[in-house]
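1. Structure, please.
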Amino acid sequence: MKIENTHSNISILKEMGQRIKDIRIGQSLTQKELCEKAGVSFNTVVRIENGEGSNINNLMRIMRALGLIENFNLLIPEQEQLPEEAFKSEYKRKRVSKSRLDKVEWQWGDEK
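-> Next up is the predicted model:
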């Protein structure tokens, strides 16, 4: 199944779990071997493969053990800076703030 925006989180977790299981089996690893290699509990491997989810740290450990850690580059790509932006500022933005002029203040009598 191709994961798309229309899928629920539950169905995406199940698909990710199935993919991890397929890769594990393709590498001829048992669940026990994977949990030892990844440094996570056996139940964590079972939960992830069943699509029940886990924390991101455990997922990263399992992906590293399967040789898939570089795939996080596809999951969350680096933000590229356009060449003109490099000349405009000498520092990288750390947060976003909205102009106070953009805010519309409500006043009595404006409820029409």
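2. any idea of the pLDDT on the residue nearest the centre of the chain?
-> Residue closest to the average C-alpha location in the chain (CA atoms, centre = their mean): residue 75, at 5.9 Å. Note for residue 75: predicted pLDDT of 84.
3. where does it fall, phi/psi-wise?
-> The main-chain torsion angles of residue 75 are listed as degrees, to the nearest 10 and equal phi -70, psi -50.
4. Could you do the one 4 residues further on as well?
-> Note on residue 79: backbone dihedrals following degrees, to the nearest 10 are phi -80, psi 120.
5. can you check residue 38 too?
-> Residue torsions, per degrees, to the nearest 10, at residue 38 are phi -90, psi -20.
6. Distance of it relative to residue 46?
-> For residue 38, the distance to residue 46 (CB to CB, to the nearest Å) stands at 13 Å. Heads up, the C-betas are built off the backbone N, CA and C, glycines and all.
7. Looking at these two, which is more packed in?
-> Just comparing residue 38 and residue 46: by other CB atoms under 10 Å the higher neighbour count belongs to residue 38, 21 against 14.
8. what residues are up against that one?
-> For residue 38, the residues meeting the contact criterion (CB atoms under 8 Å, 6 or more residues apart in numbering) are 45, 58, 61, 62, 64, 65.
9. Check what pLDDT the fifth one gets.
-> Going back to what we said before, that points to residue 64. Model confidence at residue 64, expressed as pLDDT, equals 96.
10. contacting residues around it?
-> When contacts are counted by CB under 8 Å, 6+ apart, residue 64 touches residue 38.
11. Quick check: the gap between it and residue 9.
-> On the measure of CB to CB, residue 64 and residue 9 end up 23 Å apart.
12. Remind me what the helix ranked longest in the chain packs against, helices and strands.
-> For the chain, the helix that runs over the most residues, judged by DSSP state H, is helix 9-26. With contacts taken as 3 or more CB pairs under 8 Å, 6 or more residues apart in numbering; DSSP states H and E, helix 9-26 sits against helix 42-49.
13. angle of the helix it packs on against helix 9-26?
-> The directions of helix 42-49 and helix 9-26 differ by 120 degrees, with axes from the mean of the first three to the mean of the last three CA atoms, to 10 degrees as the criterion.
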